[in-house]
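*Asks:* Compute the structure for the input listed below.
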Amino acid sequence: EVQLVESGGGSVQTGGSLRLSCTASGFTFHDYSIGWFRQAPGKEREGVSCINSRDGSTSYADSVKGRFTISKDVAKMHTVHLQMNNLKPGDTAIYYCAAQPDGRRIWAYWGQGTQVTVSS
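*Replies:* Numbers count the residues shown, from 1 in each chain. Here you go, the predicted structure:
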């Protein structure tokens with residue numbers, strides 16, 4: 001069974017930090033890129049960050065550059081983290097991780113999401 005499970009969400013004040021984790025199972029992890037997305041109430045889902053499965057290259061939305069860092073966990077082979085620093089109220093959303101198979105433009109698998117709330 002394919003699963004992506006997010007964890008690490010919570011409530012913090014402006015300027016605080018959280019580290020989200022995405023743990024995958026049921027598919028060949030190294031054949032997939034992992035992305036983080038978020039959706040705030042009343043807004044469309046947006047891409048936040050992505051890490052390429054093959055070369056480890058990363059990308060970020062302009063709104064989070066310099067504050068968020070995506071990484072693969074070396075010790076836990078099927079886990080990707082999203083370190084979020086200097087959080088702002090505008091970062092409040094449900095955060096989802098997703099998996100994209102190599103060479104395809106679809107996000108094939110999705111997690112259930114984890115809530116991040118940043119208060120001013």
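*Asks:* Show the backbone phi and psi for the residue sitting nearest the centre point of the chain.
*Replies:* By CA atoms, centre = their mean, the mean C-alpha position of the chain lies nearest to W36, the distance being 2.8 Å. As for W36, its main-chain torsions (degrees, to the nearest 10) stand at phi -110, psi 140.
*Asks:* what's the answer for D31, then?
*Replies:* phi -90, psi 10.
*Asks:* distance of it from K72?
*Replies:* D31 sits 14 Å away from K72, going by CB to CB, to the nearest Å. To be clear about C-beta, it is placed using only N, CA and C from the backbone, and glycine gets the same treatment.
*Asks:* Just want to know which of those two has more residues nearby.
*Replies:* Set D31 next to K72 and count neighbours by other CB atoms under 10 Å: K72 wins out with 17 against 13.
*Asks:* Run through the residues that contact the more buried one.
*Replies:* The contact partners of K72, by CB atoms under 8 Å, 6 or more residues apart in numbering, come to 34, 51, 56, 79-81.
*Asks:* what about burial for those, which qualify?
*Replies:* Buried residues within those, counting neighbours by 16 or more other CB atoms under 10 Å: 34, 51, 79-81.
*Asks:* from those residues, which is closest to D62?
*Replies:* I51 (17.4 Å; CB to CB).
*Asks:* Show the contacting residues for the closest one.
*Replies:* By CB under 8 Å, 6+ apart, I51 lies in contact with 33-35, 57-58, 70-72, 80.
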